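Give me the fold of what follows.
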Amino acid sequence: IRICPLKKDATLDVEKLLNLIDNKTKLISIIHVSNEFGTINDIKKIADLTKTKNKNVLIHSDGVQALGKIPINLKNLGVDYYSASSHKIYSPKGCGLLYKKKTAPLTPFILGGGQENGLRSGTENVGAIIAFSEALKNAVNNFMPQYFKSLREAFLENLNIDNYIINGSSAENLLDNILSISISGIKSEVIVHMLENKNIYIGTGSACSASKKNYRLTDAIGLNHLYADGTLRISFSKNTKIEDAKIAAKELTFCVNKFLKRETIEQ
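Next up is the predicted model:
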């Protein structure tokens, strides 16, 4: 197993990926949209370059964050496998999909299942699958990129704190419903708990504690640990209102400034 590095803009370093591929490489797996930073990898370009380097390499892409958020044409994407999950498009949890080309091999983990063409034994969750299908149709027919962009802009316009950076902001393509920011001088979990008391729920980044193992993604983009400790992940849904984004940003500003002021006094 070889791990491909990221660039500082949080996208895959394609040049280094190609250097990792040799005649023994069997499979590469690439996230389509980063669940941490919202950066979009150019899967079509990567697939074309990979097949040029080694035509026998099988390509899988994790499309969990991409599905329903950006246009996806699996026939033209160049991948052999593509996976996604239903709950990311407002459908029940516990249901997912795996696309595979007819020519791509697939060996089952659970043997049996003649009714599933030998791919898996057991009875499928029909209700969840139908719900997923309907949710997918709705997502494809109602793309909301401009609305997510408006939410992101409203949030950032009302964020009034010093010493913060937006991770992945230099990338050519970003998904606007995911916003990763890192603030110097705070611990992200402290701010998360302060906001919970105001019924505002955001997530921590990969550096939610001082443990080295939690710096995996922030280290991957070369983020200084002073900022990495204060990494926050804000996500917007189709149900988020512009006013919600403004309030969340103002409350985040209040919590950060209150915490930093208290820290200064204590020091």
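
which helices and strands does the helix or strand where Glu153 lies pack with?
Take DSSP states H and E as the rule and Glu153 turns out to sit in helix 145-157. Applying 3 or more C-beta pairs under 8 Å, 6 or more residues apart in numbering; DSSP states H and E, one finds that helix 145-157 makes contact with strand 178-183, helix 242-266. Heads up, the C-betas are built off the backbone N, CA and C, glycines and all.

Rounded mean pLDDT for that helix, please.
For helix 145-157, mean pLDDT rounds to 96.

Begin at 15 from now on, thanks
All right, first residue 15 from here; so that's helix 159-171.

which residues are in contact with that helix?
83-84, 180, 189-191, 193, 248, 250, 252, 254, 256, 259-260, 262-263 (C-beta atoms under 8 Å, 6 or more residues apart in numbering).

Which pair of those spans the longest distance?
Using C-beta to C-beta, the two most remote members of the contacts of helix 159-171 are Ile84 and Lys260, lying 25.5 Å apart.

what angle do the helix holding Glu167 and strand 192-197 make?
Comparing the axes of helix 159-171 and strand 192-197 via axes from the mean of the first three to the mean of the last three C-alpha atoms, to 10 degrees yields an angle of 20 degrees.

mind listing what's buried in helix 159-171?
Residues 161-162, 165-166, 168-169 are the ones in helix 159-171 that count as buried (16 or more other C-beta atoms under 10 Å).

Can you tell me which of those residues lies closest to Glu50?
Glu50 lies nearest to Arg166 out of the buried residues of helix 159-171, by C-beta to C-beta, at 15.8 Å.

before we move on, the earlier item: ok, of the buried residues of helix 159-171, which one's closest to Lys114?
Distances from Lys114 to the buried residues of helix 159-171, taken by C-beta to C-beta, are shortest for Phe162, at 29.8 Å.

how much space between that closest one and Gly128?
Using C-beta to C-beta, to the nearest Å, Phe162 is found at 44 Å from Gly128.

ok, now Val206?
From Val206 to Gly128 the distance is 49 Å (C-beta to C-beta).

Please apply the same query to Phe250.
44 Å.

ditto for Pro119
From Pro119 to Gly128 the distance is 19 Å (C-beta to C-beta).

the strands in the stretch 115-264 of the chain, which residues?
For the stretch 115-264 of the chain, applying DSSP state E, counting those that start in this stretch gives strands covering 178-180, 192-197, 217-218, 245-249.

Right, I'll call it a day here.
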